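Chemist: Return atomic coordinates for the entry below.
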Amino acid sequence: MSLELWPDAVRGVPNAALRGALFSISQIRATAKKRTLVAAVDGIEVRVQGERFNQSDLDVWEMLLHFARERPLGNRVEFASNALLKALGRSTGGTQHEQLREEITRLRSGTVEITWTTNGKAFGGGLVSEYFYDDVTQSYVVIFSEKMLSLYEGGYSHIDWEQRKLLGNNNLAKWLHGFYSSHADPFAYKVETIRKLCGSKHDQRLGDFRKLLRVALEKLVGLGAILSWNIDSKSDLVTVVKTPSASQQRHLQRKRLKSEDPAFDSPDDN
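Modeler: Sure, this is the predicted structure:
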């Protein structure tokens with residue numbers, strides 16, 4: 001029971017983690033004492049309990065999953081903390097080591113419940129099952145549950161890691177990068193909807209968020225992550241044009257064939 005051995009240049013991430021506020025853009029970490037519903041696209045319900053995650057946590061989780069893909073789930077994933085920090089593009093000082101420990105602890109301690117409303121199936125648990133740390137060698141052992149496969153069975157996407165790293169500390173751009181990477185042919189969403197989905201501060205003025213959104217979308221164009229974008233002045237709908245990945249092109253082709261012939265049936269790999 002292993003994850004797909006995706007190429008080294010990308011990170012394989014479940015779509016349910018990219019299409020809502022599970023990993024928000026906020027630097028302020030609220031703590032949910034009870035199962036709390038967070039914003040997500042239609043078809044997915046996400047509830048969290050514990051300290052909320054943000055894009056920094058997602059960076060770490062993506063790297064840990066990348067390491068884990070090389071062996072069956074449930075096995076030990078061993079790595080030096082310096083190696084992980086360098087892979088994340090961070091320095092290796094004491095502050096960065098402590099931040100990494102906090103992030104791995106948060107991924108272990110927080111409880112996530114993801115429900116696919118079309119079939120009523122749900123994943124519940126920590127995003128990391130267990131971890132061990134050796135202070136002498138400054139190395140980790142991380143274990144992922146086999147149940148993580150259910151997150152991938154719900155659909156997943158390849159995230160261009162170099163592009164994500166180049167976005168630096170622009171958390172909105174990083175969230176948008178993951179969000180649109182998870183769509184073969186993105187829907188148009190209102191600015192207000194995107195603000196909710198990314199977990200922006202509730203008290204942020206929509207006009208201020210719209211300005212940040214324009215900057216972030218332009219960064220994605222500069223990286224080649226999307227081809228173009230537009231915010232309609234009347235409807236406030238955000239339209240994004242992108243080139244779908246090879247697997248997404250196959251998905252669109254199957255979708256087209258299915259619409260032309262309802263009897264057509266083929267496995268869908270997202």
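Chemist: lowest-confidence helix or strand of the protein?
Modeler: helix 246-260 (a mean of 57; mean pLDDT, DSSP states H and E).
Chemist: Let me see the ranges of the helices in the stretch 51-200 of the chain.
Modeler: 55-68, 81-87, 94-109, 149-153, 161-166, 171-181, 191-197 (DSSP state H, counting those that start in this stretch).
Chemist: right, so these: which one is the most enclosed?
Modeler: Most buried of the helices of the stretch 51-200 of the chain, by mean neighbour count (mean count of other C-beta atoms under 10 Å): helix 171-181, with a mean of 24. Backbone N, C-alpha and C define where each C-beta goes, glycine included.
Chemist: picking up where we left off before, out of the helices of the stretch 51-200 of the chain, which comes closest to residue 242?
Modeler: Smallest distance to residue 242 across the helices of the stretch 51-200 of the chain (C-beta to C-beta): 6.1 Å, for helix 171-181.
Chemist: which residues in the stretch 1-150 of the chain form strands?
Modeler: 10-14, 23-24, 31-38, 44-51, 53-54, 77-80, 111-116, 121-125, 130-134, 139-143 (DSSP state E, counting those that start in this stretch).
Chemist: what comes up buried for the third one?
Modeler: Within strand 31-38, the residues that count as buried by 16 or more other C-beta atoms under 10 Å are 32, 38.
Chemist: Now do that strand: distance to the chain's middle.
Modeler: Taking C-alpha atoms, centre = their mean, to the nearest Å, one finds strand 31-38 lying 19 Å from the centre of the chain it belongs to.
Chemist: The fifth one too?
Modeler: Offset of strand 53-54 from its chain centre (C-alpha atoms, centre = their mean): 10 Å.
Chemist: Same check on the last one?
Modeler: On the basis of C-alpha atoms, centre = their mean, strand 139-143 sits 21 Å off its chain's mean C-alpha point.
Chemist: Packing partners of it?
Modeler: Applying 3 or more C-beta pairs under 8 Å, 6 or more residues apart in numbering; DSSP states H and E, we find strand 139-143 packed against helix 55-68, strand 77-80, helix 81-87, strand 130-134.
Chemist: Can you give me the first-to-last residue distance of stretch 22-39?
Modeler: Start-to-end span of stretch 22-39 (C-alpha to C-alpha, to the nearest Å) is 8 Å.
Chemist: Stretch 44-58 now?
Modeler: 19 Å.
Chemist: and if you look at stretch 195-208?
Modeler: 11 Å.
Chemist: What residues sit buried inside that stretch?
Modeler: Those would be 195-200, for stretch 195-208 by 16+ other C-beta under 10 Å.
Chemist: List of residues touching that stretch?
Modeler: 19-21, 23-26, 28, 38-41, 52, 54, 172, 175-176, 179, 189, 191-192, 209 (C-beta atoms under 8 Å, 6 or more residues apart in numbering).
Chemist: ok, now which ones touch the residue nearest to residue 56 when sequence neighbours are not counted?
Modeler: Take residue 56 and drop its neighbours on the chain: the residue closest to it by C-beta to C-beta, 6 or more residues apart in numbering is residue 103, 6.4 Å away. Contacts for residue 103 (C-beta under 8 Å, 6+ apart) come out as 56-57, 60.
Chemist: again, but for residue 161
Modeler: So residue 161 contacts 9-11, 62 (C-beta under 8 Å, 6+ apart).
Chemist: so where's the protein uncertain?
Modeler: 245-270 (pLDDT under 70).
Chemist: Tell me where the longest helix sits in it.
Modeler: In the chain, assigned by DSSP state H, the helix with the most residues is helix 206-223.
Chemist: how distant is it from the center of its chain?
Modeler: 19 Å.
Chemist: correct me, but residue 223 touches residue 167?
Modeler: Yes: the criterion here is C-beta atoms under 8 Å, and residue 223 meets it with residue 167 at 7.4 Å.
Chemist: which neighbours do these two share?
Modeler: Counting by C-beta under 8 Å, 6+ apart, the residues touching both residue 223 and residue 167 are residue 177.
Chemist: one step back: could you single out the nearest of the buried residues of stretch 195-208 to residue 163?
Modeler: residue 198 (17.6 Å).
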